[in-house]
Each structure stands twice: as structure tokens, then as C-alpha cells.
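Peer 1: return atomic coordinates for the entry below.
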Amino acid sequence: MLIARSIADLRQALAPYRRPAFVPTMGNLHEGHIALVRQAKPLGDVTVASIFVNRLQFLPHEDFDSYPRTWEADCAQLQAAGCDVLFAPRETDLYPEPQTFKVHPDPQLADMLEGHFRPGFFVGVSTVVMKLFACVLGQTGGTAVFGKKDYQQLMVIRHMVRQFALPIEIVAGETCRAADGLALSSRNGYLGLEERQEAVALSQALQRLAQQWLGTAPSDRNLLETLALDALRARGWAPDYLTVRRRADLLPATASDAAGTLVALGAARLGSTRLIDNLEF
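Peer 2: Numbering: from 1, shown residues only. The predicted model follows:
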């Protein structure tokens, strides 16, 4: 596996190829990331991953400085998965000057849910992804693979690619889960033993919400989200949202929205760790 630290080195490494398949990450990799790399391999003639902890998408009180960096383990996992090129720029390589030009996604999509509770988050995500696309895929186009666990992020990136007419195909990877159903996440490592056992309650809450939504008359659904939030609070969580939305635009589901077009999404803090999850149904 070739490791490129600078944009110039990356472009030189990719010059012989016509269609890279790209998996961007912030490192601290788990099986979910590796599954995306394996998914990407047959989609291009060279498989590229990136590791970059993007300061722009962290709020001032969030965990940028303490976000886990596990460089040697990450490299070993990527190489074992068949990654050909790892792009691991330093902050001064990707942001050699203050990033005053930024990508501001449509507020109708980006200012709800995650964007409401983490204002500016999707500006940081969109800006760094656009820049990574320019570095990795800017010469040829290609494919980029993003996980469904970050459901709203996936939608924001898809809309950005479409509106800027980028020659990039966005492919979604299914959420990888532990045996008990907890969605794999780099932040799961923050959980203590008892918190880890409790953490599966978020995915279970989403499953119950989806089942109740389908089994309840439309006129009686207005309290289901409130009851789901209350049930999670009673277990000691601090939820931001548990909600049923339309997959197409993440607007609140209506009585006319059928099964197969919906997604239940949740974000909640357990102790000091904020977890997110979703369930299409």
C-alpha cells in the first residue's frame, strides 16, 4: 500500500489510473470502514482511502483534540483489506491557508437533525469532502463509498455531487453492527463496560419506533416519537432526536408515505458519548 502525504504525491500515484474508488475516513478504523474498502475494490481500477481528522466539522466543545488516532492499526487494516493508496495529509497540506471558501449545503436538508444539534457540521463535512474529491478524483472522476450509518451526511454528499455536476458516483454501504445490534462507530471506544452494554438500546428504540409506526393508525402516530424519547430518557440517555422521516428528503413522514420509503433516525448521548443510528423501513 502506497502512503501519500502530499497532494502532489497522491496525484503522481494516481496518474496511471482512470477510475479510482475512494473511501474517505477520519481514521480510528473499525470493521465498518473496512467493509466500505472491500465494497469499493471492484468499483474502480485503484482503491484509495483517506485518513484525515477534519477540524472544520467539530464544534468548539467537541472532541477534535481527543479524537482517537490509531495510525499503525489503521494502516494494517487497510493493507489487509487490499487498499492500494492511502492519502493521509497533514492539516497544513489540506489547509495550507485559512479555508475561507466553504461549501454551504442546502439548509432545508442540512439544518435539520444533525445540523440542528451540531450547527455548521455539514459545512465542515461538505467542504472537506469537496476538497478530498478534488485531490483524489479531480483528474478522472470515479466512485466514492460512504456508509449509511451517517444517513444525513450521505444525502448531503449526494446532493452536493449532483448540484455541482461532479463526475463521481456515490455508493452507499450498509451499516455494520456488532452481534447485539449496536452500529459500529469510532466513538464506541469511548463507552465504558456498562455503557457499552446499554448502548444497544438506541438501535432497539429505533426498531420499536419503526414497528409502532407501521402498526399504528396515521391519526395516532403523533405521540410515538415523544414516547420513544421519554423511554430512552428513562434509561438514563439524553436524546437529541428519535424521528421517522422520508428517505427521499428527510422531511417528517406523512400518512401517505408507505413502508419501504421511510427511515427512523436517532441521536442520543449516553454518558459523555454521543451515538447516532438509523433504520430504513
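
Peer 1: checking residue 42 next. Helix, strand or coil?
Peer 2: Three-state call for residue 42 (DSSP: H, G, I helix; E, B strand; the rest coil): helix.

Peer 1: number the chain from 862, please
Peer 2: New numbering, starting at 862: the last item is residue 903.

Peer 1: okay, it and residue 1037: tell me how far apart.
Peer 2: Residue 903 sits 18 Å away from residue 1037, taking C-beta to C-beta, to the nearest Å as the criterion. Bear in mind the C-beta positions are built from the backbone N, C-alpha and C, glycine included.

Peer 1: the two: who's more crowded?
Peer 2: More neighbours surround residue 1037 than the other of residue 903 and residue 1037, with 18 against 9 (other C-beta atoms under 10 Å).

Peer 1: quick one: contacts for the more buried one?
Peer 2: Counting by C-beta atoms under 8 Å, 6 or more residues apart in numbering, residue 1037 touches 891, 892, 893, 896, 1008, 1010, 1044, 1045.

Peer 1: is it fair to say the fourth one lies in a helix?
Peer 2: Yes - counting by three-state DSSP, residue 896 is found in a helix.

Peer 1: what's the nearest residue to it if we skip its chain neighbours?
Peer 2: What sits nearest to residue 896 in space, not counting adjacent residues and going by C-beta to C-beta, 6 or more residues apart in numbering, is residue 1037, at 5.4 Å.

Peer 1: for that neighbour, grab phi and psi.
Peer 2: In this entry, residue 1037 is assigned phi and psi values of phi -90, psi 140 (degrees, to the nearest 10).

Peer 1: let me know the pLDDT of it.
Peer 2: On the pLDDT scale, residue 1037 is placed at 98.

Peer 1: same question, residue 1080
Peer 2: As predicted, residue 1080 sits at a pLDDT of 89.

Peer 1: for residue 1021, same thing?
Peer 2: Reading off the model, residue 1021 has pLDDT 98.

Peer 1: all strands for this protein, in order.
Peer 2: Ranges of strands in the chain, per DSSP state E, are 863-865, 881-886, 907-912, 946-948, 1003-1008, 1029-1034, 1099-1107, 1123-1131, 1134-1141.

Peer 1: can you give me the helices in the stretch 862-1011 of the chain?
Peer 2: Along the stretch 862-1011 of the chain, the segments classed as helices by DSSP state H, counting those that start in this stretch run 868-875, 892-901, 932-941, 952-955, 968-971, 975-978, 982-997.

Peer 1: let's have these in TSV, adding distance to residue 1071 and mean neighbour count.
Peer 2: As requested, those are exported to TSV (distance: least, C-beta to C-beta, whole Å; neighbours: other C-beta atoms under 10 Å):
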stretch	distance to residue 1071	mean neighbour count
helix 868-875	42	17
helix 892-901	21	21
helix 932-941	32	15
helix 952-955	39	14
helix 968-971	22	16
helix 975-978	19	17
helix 982-997	25	22
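
Peer 1: who wins for proximity to residue 886 among those?
Peer 2: Taking C-beta to C-beta, helix 892-901 is the member of those nearest to residue 886, at 5.3 Å.

Peer 1: report pLDDT for the spatially most central residue of the chain.
Peer 2: For the chain, the residue nearest the mean C-alpha position is residue 1011 (3.2 Å; C-alpha atoms, centre = their mean). We have a pLDDT of 98 for residue 1011.
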